[in-house]
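Enquirer: can you look at this prediction? I've put the sequence above it.
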Amino acid sequence: MTEQEHRDDESYRPGYSVAAERIIEHIEQNGLRPGDRLPTEAEFAALLGVSRSIARDAVKTLAAVGRISTQRGRGIFVAESQMFSPGLRGHFKPTNVEDIMMLFEFRAVQEKAAAELAATRAAPAELMTIEKALAEYEENVPTRDYPKLARCDALFHSSVNRASHNPFLLDAADAASTLQREVVAVAFGGYSGGPVERALEEHTEIFNAIRRGDAAAAGAAAAAHVDRTRRGYQEEIGRRVFGSDTR
């Protein structure tokens, strides 16, 4: 991303989102590790040249996605995480287009493998759990309650991942989901990834294939779902930053 594009990128994002990105940069540039103390909200406000309320919202955003932790009476710290190696956590930037696309590239492989395995390994109780998550998503589509829909979406995918009976895939999926929540919170301000009705159709296709025991169809449906979501984010980036389609 060029310097001009970076300025354009900041112009469409709320102040707390830009401040959150700069806090991440502060952590990386200073080589801070999990458990290291960070500036206070007031100090961040002065350091970043923003209001105290923007600094507070940025801290809340990063705490919500697990990048930092706040401890009453003690301060703000770089969060401890068992999911990421220092290299991965330090490399990933939730506002970097290339990083976002590579994350989707990984998720397409991981979700495809998990769905294929779930189709051959899911126990009846696990099929019921996946179906329940799908039903909860469907119930909330008319409400357009995007935070709740995001939780239902995460529950559906995690239920499929657990049904794969592969703990390595499950851990990798949890790590990728955490990074994607960071992307949504920091870079997109809650963007859902496209029409929720389309996501419901795709979830239903994945579930039906898993229930039939059709591993090939389940894997193909999962990969197509992630790819369509990726294109949705790519188009949203183009709309917000460049005013055009980036497909």
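Expert: Arrived safely.

Enquirer: number of residues surrounding Ser51?
Expert: Other residues lying near Ser51 total 13 when counted by other C-beta atoms under 10 Å. For the C-beta atoms, the positions are set from N, CA and C on the backbone; glycine is no exception.

Enquirer: kindly report the same for Gly31.
Expert: Number of residues near Gly31 (other C-beta under 10 Å) recorded here: 9.

Enquirer: what residue lies at the spatial centre of the chain?
Expert: Centroid-nearest residue in the chain: Gln180, 1.5 Å away (criterion: C-alpha atoms, centre = their mean).

Enquirer: in terms of pLDDT, where does Arg7 sit?
Expert: Arg7 carries a pLDDT value of 46.

Enquirer: hmm, back to that, so which elements touch the helix or strand hosting the residue nearest to the centre of the chain?
Expert: Assigned by DSSP states H and E, Gln180 belongs to helix 167-182. On a contact count with 3 or more C-beta pairs under 8 Å, 6 or more residues apart in numbering; DSSP states H and E, helix 167-182 meets helix 97-121, helix 146-163.

Enquirer: show me how this structure divides into domains.
Expert: Listed by automatic domain parsing, the domain ranges of the chain are 3-78, 93-242.

Enquirer: before we move on, back to that, dump the residue contacts of the residue nearest to the centre of the chain.
Expert: Leu103, Arg107 (C-beta atoms under 8 Å, 6 or more residues apart in numbering).

Enquirer: where in this protein is pLDDT low?
Expert: Residues of the chain that meet the criterion pLDDT under 70 lie in 1-12, 81-91, 187-194, 240-247.

Enquirer: can you do 50?
Expert: By pLDDT under 50, the weakly predicted segments of the chain are 1-9, 82, 245-247.
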